[in-house]
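Novice: Output the structure for:
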Amino acid sequence: MWGRLSAVAGLVLAGVLALPGTAMAKPKDLDVPVGTWLAARTHPAVQLTSVSYTADVAVPTPVANLEAIKGLTQQGVAAVQSGKISADENSIYRWVVQQMAKDPGRYFSPSAPERVVEATAGGLCTGWWVTPDGYMVTAAHCVGQEEDELAQTFATQALEKINEKDATDLVAELGDIASDTEILRTAAKIFQVWNADNLKIRNVKSSLSLLQSLPGGGVDKTAKAVPIELVAKGTVYPGKDVAILKANGQNNLPTVPLGQDSDVRVGDTLYISGFPGTVTQTSIFNIESKLDPAFTEGPYNASRQTPEGVPYIQTQAPSYPGNSGGPVFSKDGNVIGILVGGLIQQDGGSTEGESFVLPVSIVREKLNEKNIKPAESATTKNYNEALDLFFANHYSDALPKFREVQALQPNHPYVAKYITDSQQAITAGKDESSSPILPWILWGGGGLIALFVVGTLVAVFRGKRRSAAPAHSFPPVPYGSQPGHLPSGQGRYGSQPAHLPPGQYGQPAAQHGQHAQPYGVPQQHAPHQHHQQRPPYPLPAAPEDTRAVRPQPPYGTPPQHKPGPGANTRIAGLEAELEELRRNMRQRPAE
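Specialist: Take a look at the predicted model:
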């Protein structure tokens, strides 16, 4: 008997654990690709960051070193006589300019007057939220440049007009020739290098900001700059290239969870999210497109270490300038590192198999220095639960959770579109949300288990005491069933009762979307009460032969039948059996 009781309890418990939303769904459970699942969950927390500089840039006037140029000219004459270069003027001057470009400082000296330009420069990178109140992680080289690097940036961005003028003046001084494009291009390179080596930067000011989308959920997004402050900064690549930023006045921001270095190993697939400059720096795409992160994947190729002992992960996942600072994920959706750099090809892409990732342990180390505790936001918790329901085609269950996300974070860039998609799927008849009846029954508690056990025991003893049941005995009534017929629909977990609006017929709304917390022990939540809301979809029509009936309690009273002959005798016999069972259970020693 006790074996039967254990089996019954196990079946009921298994039914409860199988309810949608009691644990975090995985892609294989939802029948969606890992990349699709990861991108949907992580994109809201990945942000486009911007660093900008303003300064006064002073560049001296270049004066030709005539002695050095005279010697170079003599070398050119010798090259013509030996047949190494052609004797026409363009070929001679092309050769002379090419030699100057190899060492500009040998052929030009700084002189007055000094040319001053009010310059601006900047760059775009990737960052990601780790706390609901605005702490963000990015790469150290994304938040500030050393003076030498900044000088090079100004030489190529802020001094473009000066470089062009100096190149034109050089060609004019060489002689009255029909200069070609190659000579001008080479002359420009001369002064890009020379001006960078000789410029002076004064009154430097820098600022950090995020380029976020305004409300609109992917439909009418426009960009706005949100100021952000530098909290901590490591040593740039190949050091501990990580920085912590803080945006003030924020709450309920989307976040991504941190994993451990041990979560991945060589051969695992890694996933990179970020904003490649190939997109953000082009005029081909509109601002809506530029504010959506790009997602790439590739294998974990090798574990590396610098001479200073800094660990790095080598991956074949593609990356580009602008991806720097972006999060790198395991297949479970946890951050296992931060993208820092790679070997760059001429087209701007990383060399295949040579993107480098700083492990998440270094990120945790920098956060701990400032006593910053990564945490999941309520926005992210509800959003992830809603996504799992959405991917399981439980659109009417996902819809209220998406609306909760929208209330928590009105600036959420994606939730409005999911709300629209859910509504359209419901209208199109694609909704497979489970009926509230079955989850309510399974969560009925000890009373339901007791009734089920008693019914099972009665059936067992009846089989022992009687060879056959009376032809007019009461038919079994499923718990929670109602008089009349209800159409059934095929849900995710098999055949389910027809969809009923939550709260009707005395039944609470089903519980959906409960997930294990990534930062601690999973919390249990009471079923959501949706009985005050109108159903977001029409109820199924009842069959023509179904009559309107009065709603009854979930444990509906069985239909009444007129007792047949011998009914009182059977009832008395059943009572005697139950009394005997109670006596036996009291006498049995506890196990």
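
Novice: check which helix or strand covers N301.
Specialist: strand 294-305 (DSSP states H and E).

Novice: which is the next helix or strand following that strand?
Specialist: Toward the C-terminus, strand 294-305 is succeeded by strand 311-315 as the next helix or strand (DSSP H and E).

Novice: show me what contacts F275?
Specialist: Applying C-beta atoms under 8 Å, 6 or more residues apart in numbering, we find F275 in contact with L48, L124, C125, T126, K290, P293, A294, G322, N323, G326. For the C-beta atoms, the positions are set from N, CA and C on the backbone; glycine is no exception.

Novice: what helices or strands is the strand holding N301 leaning on?
Specialist: Strand 294-305 makes packing contacts with helix 34-42, strand 269-274, strand 311-315, strand 350-359 when contacts are defined by 3 or more C-beta pairs under 8 Å, 6 or more residues apart in numbering; DSSP states H and E.

Novice: hmm, who's touching the third one?
Specialist: Residues from elsewhere that reach strand 311-315, judged by C-beta under 8 Å, 6+ apart: 238, 261, 264, 270, 272, 298-306, 328, 336-337, 340, 353-359, 361-362.

Novice: Put the buried members of these into a PyMOL selection.
Specialist: Once 16 or more other C-beta atoms under 10 Å is used to decide burial, the buried members of the contacts of strand 311-315 can be selected in PyMOL as follows:
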select buried, resi 238+261+264+270+272+298+300+301+328+336+337+340+353+354+355+356+357+358+359+362
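
Novice: Which members of the contacts of F275 occur in helices, if any?
Specialist: Counting by DSSP state H, the contacts of F275 place K290 in helices.

Novice: min pLDDT across the contacts of F275, which one?
Specialist: Within the contacts of F275, the minimum per-residue pLDDT falls on K290 (88).

Novice: Pull the contacting residues for the residue nearest to that one when sequence neighbours are not counted.
Specialist: Taking C-beta to C-beta, 6 or more residues apart in numbering as the measure, K290 lies nearest to T280, with 5.2 Å between them; neighbours along the chain are not counted. Neighbour list for T280: L48, L124, K290, G322 [criterion: C-beta under 8 Å, 6+ apart].

Novice: of all those, which comes closest to G249?
Specialist: Nearest to G249 among these is L48, at 19.1 Å by C-beta to C-beta.

Novice: Give the bridge partners for the closest one, please.
Specialist: Residues found in beta-bridge contact with L48 (criterion: DSSP bridges) are T126, L211.

Novice: what's near enough to touch it?
Specialist: Taking C-beta under 8 Å, 6+ apart as the contact definition, L48 lies against L124, C125, T126, L210, L211, Q212, F275, T280, K290, L291.

Novice: Pull out the buried members of those.
Specialist: In terms of neighbour count (16+ other C-beta under 10 Å), the buried residues within those are L124, C125, T126, L210, L211, Q212, F275, T280, K290, L291.

Novice: and which of those residues is nearest H412?
Specialist: Comparing those against H412 with C-beta to C-beta places Q212 closest, at 10.7 Å.

Novice: low pLDDT regions in the stretch 251-400 of the chain?
Specialist: Counting by pLDDT under 70, the stretch 251-400 of the chain shows low-confidence ranges at 344-353.

Novice: at 50 what do you get?
Specialist: By pLDDT under 50, the stretch 251-400 of the chain has no low-scoring segment.

Novice: Equivalent analysis for the stretch 451-591 of the chain, please.
Specialist: Low-confidence regions of the stretch 451-591 of the chain, defined here as pLDDT under 50, cover residues 451, 453-454, 458, 460-461, 464-564, 567, 591.

Novice: can you map out the helices along the stretch 351-500 of the chain?
Specialist: Taking DSSP state H, counting those that start in this stretch as the criterion, the stretch 351-500 of the chain carries its helices at 360-369, 378-391, 395-408, 415-427, 437-442, 446-465.

Novice: Return the backbone torsion pair for the residue nearest to K290.
Specialist: With angles defined as degrees, to the nearest 10, T280 shows backbone torsions of phi -70, psi -20.

Novice: doesn't V236 fall inside a strand?
Specialist: No. With the criterion set as DSSP: H, G, I helix; E, B strand; the rest coil, the secondary structure at V236 is coil rather than a strand.

Novice: Just give the closest residue to it, not the sequence neighbours.
Specialist: H141 (4.3 Å).

Novice: so the one you found makes contact with P238?
Specialist: No. In this structure, H141 is not within contact of P238 by C-beta atoms under 8 Å, at 10.7 Å.

Novice: shared neighbours of the two, which are they?
Specialist: Taking C-beta under 8 Å, 6+ apart as the contact definition, H141 and P238 share no neighbouring residue.

Novice: Can you name every helix or strand that the helix or strand where A119 lies contacts?
Specialist: Assessed by DSSP H and E, A119 sits inside strand 108-129. Helices and strands in packing contact with strand 108-129 are listed as strand 46-64, strand 135-138, helix 147-157, helix 181-198, strand 269-274; criterion 3+ C-beta pairs under 8 Å, 6+ apart.

Novice: got the angle for that strand vs helix 181-198?
Specialist: Angular relation of strand 108-129 and helix 181-198 on a 0 to 180 degree scale: 80 degrees, by axes from the mean of the first three to the mean of the last three C-alpha atoms, to 10 degrees.

Novice: sorry, back to before: pull the CA coordinates from the strand holding N301 and hand them back as PDB.
Specialist: What follows is strand 294-305, C-alpha atoms only, in PDB (Å, rounded to 0.1, in the frame of the first residue of the first chain):
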ATOM      1  CA  ALA A 294      25.600  42.100 -34.100                       C
ATOM      2  CA  PHE A 295      26.000  38.500 -33.000                       C
ATOM      3  CA  THR A 296      28.800  36.200 -34.100                       C
ATOM      4  CA  GLU A 297      29.900  32.800 -33.000                       C
ATOM      5  CA  GLY A 298      33.000  30.500 -33.200                       C
ATOM      6  CA  PRO A 299      35.000  27.900 -31.400                       C
ATOM      7  CA  TYR A 300      37.200  28.400 -28.400                       C
ATOM      8  CA  ASN A 301      40.600  27.800 -30.100                       C
ATOM      9  CA  ALA A 302      43.200  28.000 -27.400                       C
ATOM     10  CA  SER A 303      44.100  29.400 -24.000                       C
ATOM     11  CA  ARG A 304      46.900  32.000 -24.100                       C
ATOM     12  CA  GLN A 305      49.000  34.000 -21.600                       C
END
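
Novice: Of the contacts of F275, which pair is most distant in space?
Specialist: Using C-beta to C-beta, those reach their maximum pairwise distance at K290 and G326, which is 14.8 Å.

Novice: Make a markdown table out of the buried ones among the contacts of L48 and add distance to K70.
Specialist: Below are those laid out as a markdown table (distance: C-beta to C-beta, whole Å):
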| residue | distance to K70 |
| --- | --- |
| L124 | 47 |
| C125 | 48 |
| T126 | 52 |
| L210 | 56 |
| L211 | 53 |
| Q212 | 59 |
| F275 | 51 |
| T280 | 48 |
| K290 | 52 |
| L291 | 57 |
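
Novice: avg pLDDT for stretch 233-249?
Specialist: On average, the pLDDT along stretch 233-249 is 95.

Novice: And for stretch 208-215?
Specialist: If you average the pLDDT over stretch 208-215, you get 78.

Novice: Stretch 26-36 too?
Specialist: For stretch 26-36, mean pLDDT rounds to 83.

Novice: Could you tell me the end-to-end distance of that stretch?
Specialist: Here the two ends of stretch 26-36 are set 11 Å apart, with distance taken as C-alpha to C-alpha, to the nearest Å.

Novice: Right, I'll leave it there.
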